[in-house]
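Undergrad: can you look at this prediction? I've put the sequence above it.
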Amino acid sequence: MKINKQQLYDIITAKDQSAFELFYDQYEVFLYQTVRCQVSTTEEAERILEDTLKSLWNDPSLLNTFKESRLSLLLAKIIYSILFNPLEKMS
């Protein structure tokens, strides 16, 4: 079963690390491919991906920043906001 936006929000706000790891397992390929097609190196892609996951973990309200109902589109928008606004990077 895929995790939806509300479930992910609940997981993060509860700081349920094992559930967050399940989320990551489900979206790992999508997240990495989304980042990798925008940057030139594997290392940079891994850093951006790590920044994205840390941002979500530290601030679950990011999930409400965009009005996307599909989690994959929402995650892509969060990634792009980190990629294209590095000086305003989310904590």
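TA: Noted; the coordinates are in hand. Numbering: from 1, shown residues only.

Undergrad: sec struct for the residue nearest to Phe30 when sequence neighbours are not counted, please.
TA: Using CB to CB, 6 or more residues apart in numbering and skipping residues adjacent in sequence, the residue nearest Phe30 is Ser72, 5.9 Å away. C-beta here means a position set from N, CA and C on the backbone, and glycine is covered the same way. Classification of Ser72 using DSSP: H, G, I helix; E, B strand; the rest coil returns helix.

Undergrad: wouldn't Ser72 be in contact with Leu31 here?
TA: No: using CB atoms under 8 Å, Ser72 is not in contact with Leu31; the gap is 9.1 Å.

Undergrad: ok, those two, which is more surrounded?
TA: Shown here are Ser72 and Leu31; by other CB atoms under 10 Å, Leu31 has more neighbours (22 against 13).

Undergrad: with adjacent residues omitted, what lies nearest to that one?
TA: Leu49 (5.7 Å).

Undergrad: then Leu22?
TA: Ile3 (7.2 Å).

Undergrad: for the chain, which spans come out with low pLDDT?
TA: Within the chain, the stretches with pLDDT under 70 are 1, 86-91.

Undergrad: helices of that one, start to end?
TA: Under the criterion DSSP state H, the chain contains helices at 5-13, 17-36, 42-58, 71-84.

Undergrad: show me the one of those that comes nearest Asn64.
TA: helix 5-13 (7.7 Å; CB to CB).

Undergrad: so which bits of that closest one are buried?
TA: Across helix 5-13, burial judged by 16 or more other CB atoms under 10 Å covers Lys5, Leu8, Tyr9, Ile11, Ile12.
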